[in-house]
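*Asks:* here is a sequence together with a model predicted from it:
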Amino acid sequence: MEAITITLNGVEVSGYAGMTILDLARESGVYIPTLCHDPNLASTGACRLCLVEDEPSGALHASCVAPIAPGMVINTHSPRVVAHRKAILKLMLASHPDSCLVCDKGNRCQLRQLASDMGIGLVEFQRIPQPGVIEEVNPFIQRDLSKCIMCGKCIRADQEMVVVGAIDYIHRGSAVRPTTLNDVPLEKSECTFCGTCVAICPTGAIMEKEKAYTGTATSTVDTVCPYCGCGCNLNLGVRDGLVVRVRPSAPSPVNRGTLCVRGSYGYDFIHSPERLRRPLVRVDGELQETTWEDALQQAAAGLQKVVEKSGPESLAVFGSPRCTNEENYLLQRLARCVLGTNSVDNGSRLYSAASRIGLGATIGYAGTTGFLEVLERSRVIMVIGANPEVSAPLVDYTVKQAVRFKGARLCVIDPCRTRLTGFASLWLRPRIGTDIALLNGLARIIIDEKKLDVEFVTRRTDNYAPWARSLQKYTPDYVEKVTGVPGQDIRAAARLFADAEEASIVYGNGITLHADGTSAVIALANLAMLTGNIGRNGGIFALQRECNAHGACDMGTLPNFLPGYQLVDDARARQKFEEKWGCRMPEGAGLNALEMLAPGSRVRGMFITGENPAVSFPQPARVKEALASLDCLVVADMFLTETARLAAVVLPSASFAEKEGTFTSFEGRVQRLRRAIPPVGESLPDGGIIQRLAEALGVPMPYTSYQQITDEIEEIVPFYQHTAFKNAGDGELELTDIEKGLFGTRRLHKGLFPSGFGRFTPVEQLTPTDVAKDGYPLTLLAGTVLFQFGTGSRSRRTSRLGRFRSEAFLEIGGADAKSYRIKDGDAVVITSEKGRLDTTARISDALPPGVLFMPISFPESPVYELFATSLNHQARAPALKSCAVKLERTTANG
Amino acid sequence: MAEVKKPPRVNLRQIDKIIAGYRGRKWALIPLTQAIQEQVGYIPKEVIPRIAAALGLFPAQVQGVITFYAQLYTEPRGKNIVRVCRGTACHVRGGKSILKLVRQYLDLEEGETSPDMEYTLETVACIGVCALAPNLMVNKETHGNMNPKKIARLFGGRVKE
Ligand code: SF4
Ligand code: SF4
Ligand code: SF4
Ligand code: FES
Ligand code: FES
């Protein structure tokens, strides 16, 4: 690229064509004040504060939009420039209230900062009256638009970064202000409370509300969001050992300035009064506080007693996708080498096993195949069985950006309306549980119309012919009959997908949690291979519910796999680890989490970290019974969860803000957590707890820092060889380090599968078993909601998230509500073959007839009581997406 | 007192038909809103989300544009539009009192429409016939050299008994 040389404040500097003066100045370390500019937004040049002077022409340029040109002689602080800048600032301050001293934005207000930098105090202009504070009852955001300087950043953040469109300017002239449709409070608008506009507003016009701890942060730490698998980079603000605010990390290539409501406002749980501060042991049936020594001794003694009585195979360990890679690595080492059992599993099995097996069997790589950039530049995106707005907001933003600003076409396959359906060119609503027929049908049309990627199929895959034959019966007519989707829509979708240069598939729990989820994953991998959309062109994006679901499985917290998916049954792999750890490992796969707690299970003693099976498993009442009847249950958690209440020993865990380690995001980025505050009370990071427990059991592990564990993982776990965080030091994570942290994806980027070939695998649509049937005429869907997370053990202890839209409910479509004569707010009872549940009805226009929805995050209405423990066949994980129910109204209607 | 008629119900079917002609064309927001206003008289607030969905815009964006242009209205307007001039020439010659009188006669504030949908009161910057100041317009007709008597003649029938 041609270099362009200009003179900047008397010094010659060069940049490339297309760079703005501001870009080059920043690169050269020259400061130019800005207000409306943000690196994550296209510049608009609204505030004019970044004015600079070009000496030869005498022109004043807004440097954030003006491109550099050869021969420019730029002065950023000439007397003329400074005078103009001051005048602009004074005008802004003239319409700004005198409330700086009491304004919560405090030192973070860029306006105030600039005014004091330029020595502007009392403003001599006449004050312009401004609209005041808006009454808002939501617990997250407050607006005082009298402080607005009309830089437009909030609007652009809202429309361009998170693509929600809740706000825009209203009116004109002096009445103009950024606000919602019909100027309603945010909670009545489309706003998702993602907080992106709050972080970007340079003044106190939009601010975080109800912070639990006030005061300006005195230090900040970049770390990773502990909620969903997107792996957004957070910047925690700390004061006096308390986390006082969260913002998106500035230089993050992952979330690029955005977050969702959980990332922005979901941190209150860190300092929740309910946090466990000391270990607890059961004395005379009651849990009582004690010392670590005592608790560990009792835990070790209890577990050892089980071994003596019933052998090590009667012990089991259940870990968590919320723990770091290092902690998971230690946990499975504890299980295998200290306790001597392969019965070790993690909570992500419930929803990720289908992906692991389905993708493993076809493309040979058990995860998302590309980065979000690939998704963003896809020409066609198919979203199936996923509502990323709730389960993976960052993916939702990316899809919407691709559609609205990059011209991508979106095909949504979902029986229910989501926010994404509004962005779709094509919306197919198959009957629940008929995805396989639909996907097979799409593949058949693509083959019939000769739209397949012949080169890719012949060179990179095998087993094509038998698979193509297996599609015989999936004609458009047949598929229409099975799925209820009109044949012409099926054809349109097939053409849309096959004709695209680059097409991507996004799928989530709506696929993986069904009884035949594994087959559905295989069907969509077949489709992606057929059209050559793997790796460089398009890809498969498997949404991941928890922050480290990927990592927990990679680290071998699984009953049949050692770290890096090396089979437990593989003697060579076992030997490698045995030599490394100096121990003997048990042979043969262990029990998975559901088998551990199934009736008649051989398990008598358990160690559970960061999981709450008493709520998250099907038929929680029965699971509770199983937990209560164990000879020894040791639980490590931040809170006294429903599961911890049943334990003999409860060990207090530290939160994500209190520890170091790495999480692996759904994209396959291995990202580093940094400790922001010391552990609350006497709590310890789970890694520390595991090590101390090992010590108490007489088999200490030889690590003195988490770094040693990372190094060992790097050495011994395939895919993780390049994580190399040791060079990153304590400072900012370099972009190159993040890039190095990627694995798997790199090989796929070269267009190769790890095994060399992708394998087409025939799958058949079976009659769905988890949908409406005789006697139970409705299908109940279970899922999450944006303002809660998982089973809610953290989000419900996060005071603001906990309070906002906090009641459990059952959603029912308008037509069904009418035929059941149910009104909004009526009390209803739902009954399945397995159980019954009382709740409140809420009428929704998102659901098709015959379908109900209920969130899983409310322990007071445990929706999983209604579900059977029927296992997804191949993945041996429960089908937790839907079940057959009947419904009755219990409110007497007049 | 004048009989109070309800504001006309929004004919969504008619509006949807207009919208359909512009579907998928982002740039068409202004012509579309003008077309709706021409046929319906104003742009009902409740159709903003429909316009947005059809053009691939956000409702708040559409509202932003509609409220930016003085010529686009989101409230139904009266059969007769009264525009009192507030330009400099009219101001110097008593435009302010003229406005006050018209407000009293019509029982309306600026920007309001009478409940019977007969009158909408607006002010304008300059009508362009300053020589005749003070001026006002009723629909397309200009009335110059306004004085209390003339106002009484024009709007006297509206005064409540
Ligand atoms: S509210 Fe803040 S971000 Fe939005 S326009 Fe005003 S000053 Fe800028
Ligand atoms: S919080 Fe997020 S969704 Fe709400 S207005 Fe701000 S940017 Fe938009
Ligand atoms: S999208 Fe996921 S990772 Fe990002 S802030 Fe929200 S919950 Fe956290
Ligand atoms: S920062 Fe350049 S115009 Fe605002
Ligand atoms: S000022 Fe009233 S017509 Fe010109």
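*Replies:* Yep, that arrived. Ligands and ions are numbered 1, 2, ... in the order given.

*Asks:* what residue of chain A is the furthest out?
*Replies:* Taking Cα atoms, centre = their mean, the residue of chain A most remote from its mean C-alpha position is A:P56, at 52.0 Å.

*Asks:* surely A:D516 touches A:A437?
*Replies:* No: between A:D516 and A:A437 there is no contact under Cβ atoms under 8 Å: 10.7 Å. All C-beta spots, glycine's among them, are computed from the backbone N, C-alpha and C.

*Asks:* so who does the residue farthest from the centre of chain A touch?
*Replies:* Under the criterion of Cβ atoms under 8 Å, 6 or more residues apart in numbering or on different chains, the contact list for A:P56 reads A:G71, A:M72, A:V73.

*Asks:* of those residues, which belong to helices?
*Replies:* Among the contacts of A:P56, no member is found in helices (DSSP state H).

*Asks:* tell me the one of those nearest A:T34?
*Replies:* Nearest to A:T34 among the contacts of A:P56, counting by Cβ to Cβ, is A:M72 at 18.7 Å.

*Asks:* so what's the closest one scoring on pLDDT?
*Replies:* On the pLDDT scale, A:M72 is placed at 93.

*Asks:* ok, how many other residues are close to it?
*Replies:* 22 (other Cβ atoms under 10 Å in any protein chain shown).

*Asks:* leaving out sequence neighbours, find the closest residue to the residue positioned nearest the centre of chain A.
*Replies:* Residue closest to the average C-alpha location in chain A (Cα atoms, centre = their mean): A:C228, at 2.5 Å. Of all residues not flanking A:C228 in the chain, A:A392 sits nearest, at 5.5 Å (Cβ to Cβ, 6 or more residues apart in numbering or on different chains).

*Asks:* that neighbour is in contact with A:N509, isn't it?
*Replies:* No: in this structure, A:A392 is not within contact of A:N509 by Cβ under 8 Å, at 10.2 Å.

*Asks:* who touches both of these two?
*Replies:* A:A386, A:L543.

*Asks:* measure the residue in chain B positioned nearest to ligand 5 to B:P134 for me?
*Replies:* Among all residues of chain B, B:G87 sits closest to ligand 5, at 2.3 Å; criterion: Cβ to the nearest ligand atom. Distance, B:G87 to B:P134, using Cβ to Cβ, to the nearest Å: 9 Å.

*Asks:* who's more crowded, these two?
*Replies:* Per other Cβ under 10 Å, whichever of B:G87 and B:P134 has more neighbours is B:P134, with 25 against 19.

*Asks:* the more buried one reaches B:I98, doesn't it?
*Replies:* Yes: B:P134 lies in contact with B:I98 (Cβ under 8 Å); the separation is 4.9 Å.

*Asks:* what touches both of the two?
*Replies:* Common neighbours of B:P134 and B:I98 (criterion: Cβ under 8 Å, 6+ apart): B:C90, B:M146.

*Asks:* wait, what's in contact with the residue of chain B closest to ligand 5?
*Replies:* Residues near B:G87 by Cβ under 8 Å, 6+ apart: B:G95, B:V124, B:A125, B:C126, B:I127, B:C130, B:A133.

*Asks:* state the pLDDT value of the first one.
*Replies:* Okay, so that is B:G95. pLDDT, B:G95: 90.

*Asks:* with A:L122 instead?
*Replies:* With respect to pLDDT, A:L122 scores 55.

*Asks:* equivalent analysis for B:C126, please.
*Replies:* For B:C126, the model assigns a pLDDT of 87.

*Asks:* where does B:R153 sit: helix, strand or coil?
*Replies:* Under the three-state scheme (DSSP: H, G, I helix; E, B strand; the rest coil), B:R153 adopts helix.
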